[in-house]
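Engineer: Got a predicted structure here, sequence first:
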Amino acid sequence: MSDISERVKKMVVEHLGANEDEVTEKAHLIDDLGADSLDTVELVMKIEEEFDMEIPEDAAEQIRTVGDAINYIKEKS
Amino acid sequence: MFDLGGKNALVTGATGGLGGAIARKLHARGARVALSGTRAEKLERLAAELGEHCTVTPCNLSDSDAVDSLVKRVSESLGGDIDILVSNAGLTRDRLLMRMRDDDWHMVQKVNLEAYFRLARACLRGMMKSRRGRIVGVTSVVGVTGNPGQANYAASKAGMIGFSKSLAQEVASRGVTVNCVAPGFIASPITDVLNDVQKKTILNKIPAGYLGTGDDVANAVLYLVSDEASYVTGQTLHVNGGMAMI
């Protein structure tokens, strides 16, 4: 399970060019990590591909922090 | 200049004069082109004429599910994501507004405007990933000037322009441009059958003094989908011999 967490954090670091230390589960993608709204869409796209899953729009909109993403994947996989 | 080698393009309405001219132009510049339209036979004939690097993907654009699945079908047939979308398909149901039926309105919005939205949305995924993409909507001069008897058509074409400008702002930072080409009067089977008086009336409105050709429009599309136009987005390029300067 921690594997999911590490993979998601790595994707966030890569996509946003964020500092690894800042990418905690509590970190808010937009407010803390400087993502714009399009970044969040792209991150969801990348998660879908990385974890071979489909995330419906309603659920995607609820993913606001790194932890939200990790929890969603854990629930669905 | 304007080399499209290795790019995948989808052209809708490729059975029509304009769509055919656009498809030929992009293909001649090296793009792999998927031809879409309602008349499969006509598409096959064009594909046979173009030869290699050309596929046929018929689609009824008034069928939402068919439109949503078209991009996937095209990607499979071309062997990769779509780099260039040319939303050219369109129809008219001309009638004075007081006589316009609901269906005249809905059908035109569905095929001209909603299909553009659906196709653009479906293409964006691949374009965002590759950090490049070209979306061109073929609109019309009447979308800007209006035209009696064409309230439904003009609304759909104006809608395409507003849609393109909004999307252009959303995705500009990802290397995707979204523009429109707005033809004026273009020679076609419809204008061929006009009588001399009708032709004269039309030509009087065109400073250039003659009707445009499909090639004139295709050249404008070619420019907008080329690498050379990477800093041009959210624009409407009017191709009309000067009949409306906007």
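Structural biologist: Done, it's in.

Engineer: which parts of chain A sit against chain B?
Structural biologist: Chain A comes close to chain B at residues A:36, A:38, A:41-42, A:45, as judged by C-beta under 8 Å from any C-beta of the partner chain. Placement of C-beta: from N, CA and C, glycine included.

Engineer: nearest to B:Ser140, of the residues you listed?
Structural biologist: Nearest to B:Ser140 out of the residues of chain A next to chain B is A:Leu38 (C-beta to C-beta; 30.1 Å).

Engineer: looking at it, the closest one is touching B:Ala172, isn't it?
Structural biologist: No: using C-beta atoms under 8 Å, A:Leu38 is not in contact with B:Ala172, being 10.0 Å away.

Engineer: For stretch B:79-99, measure first residue to last.
Structural biologist: One end of stretch B:79-99 sits 47 Å from the other (C-alpha to C-alpha, to the nearest Å).

Engineer: actually stretch B:235-246, not the one I typed
Structural biologist: End-to-end distance (C-alpha to C-alpha), stretch B:235-246: 12 Å.

Engineer: Buried residues, it. List them.
Structural biologist: By neighbour count with 16 or more other C-beta atoms under 10 Å in any protein chain shown, stretch B:235-246 contains the buried residues B:235-241, B:243.

Engineer: residues touching residue 4, list them.
Structural biologist: Using chain A here. Contact analysis of A:Ile4 by C-beta atoms under 8 Å, 6 or more residues apart in numbering or on different chains lists A:51, A:70, A:73-74, A:77.

Engineer: Chain B, not that one
Structural biologist: Here B:Leu4 is in contact with B:26, B:29-31, B:84, B:222, B:225-226 (C-beta under 8 Å, 6+ apart).

Engineer: now the strands for the chain?
Structural biologist: All of this refers to chain A. For chain A, applying DSSP state E gives no strands.

Engineer: To clarify, I was referring to chain B.
Structural biologist: With strands called from DSSP E, chain B shows them at B:8-11, B:32-35, B:54-56, B:84-87, B:133-138, B:176-183, B:236-239.

Engineer: Let me know which of the ones you listed is the nearest to A:Gln62.
Structural biologist: Here strand B:176-183 is closest among the strands of chain B (C-beta to C-beta), at 26.3 Å.

Engineer: Give me the angle between the closest one and strand B:133-138.
Structural biologist: Relative orientation of strand B:176-183 versus strand B:133-138 (axes from the mean of the first three to the mean of the last three C-alpha atoms, to 10 degrees): 20 degrees.

Engineer: Only C-alpha atoms, please: export strand B:176-183 in CSV.
Structural biologist: In CSV, the C-alpha atoms belonging to strand B:176-183 read as follows (Å, rounded to 0.1, in the frame of the first residue of the first chain):
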residue,chain,number,x,y,z
VAL,B,176,-2.2,23.4,-28.0
THR,B,177,-3.7,26.1,-30.2
VAL,B,178,-7.4,26.5,-31.1
ASN,B,179,-8.4,28.7,-34.0
CYS,B,180,-11.2,29.2,-36.5
VAL,B,181,-11.2,29.7,-40.2
ALA,B,182,-14.2,31.7,-41.5
PRO,B,183,-14.9,31.2,-45.2
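
Engineer: any low-confidence regions in chain A?
Structural biologist: Within chain A, the stretches with pLDDT under 70 are A:1-2.

Engineer: how about the helices in it?
Structural biologist: Counting by DSSP state H, chain A has helices at residues A:2-16, A:37-50, A:57-62, A:66-76.

Engineer: Output the contacts of B:Leu4 in a markdown table, with pLDDT and distance to B:Lys72 appended to each entry.
Structural biologist: A markdown table is the format used below for the contacts of B:Leu4 (pLDDT from 0 to 100; distance: C-beta to C-beta, whole Å):
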| residue | pLDDT | distance to B:Lys72 |
| --- | --- | --- |
| B:Leu26 | 98 | 21 |
| B:Arg29 | 97 | 25 |
| B:Gly30 | 97 | 24 |
| B:Ala31 | 98 | 19 |
| B:Ile84 | 98 | 17 |
| B:Leu222 | 98 | 26 |
| B:Val225 | 98 | 21 |
| B:Ser226 | 98 | 26 |
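
Engineer: got the buried residues for stretch B:57-76?
Structural biologist: Result for stretch B:57-76 [16+ other C-beta under 10 Å]: buried residues B:57-59, B:61-62, B:67, B:70-71, B:73-75.

Engineer: For those residues, work out which two are farthest apart.
Structural biologist: Maximum distance among the buried residues of stretch B:57-76 (C-beta to C-beta): 22.1 Å, for B:Ser62 and B:Ser75.
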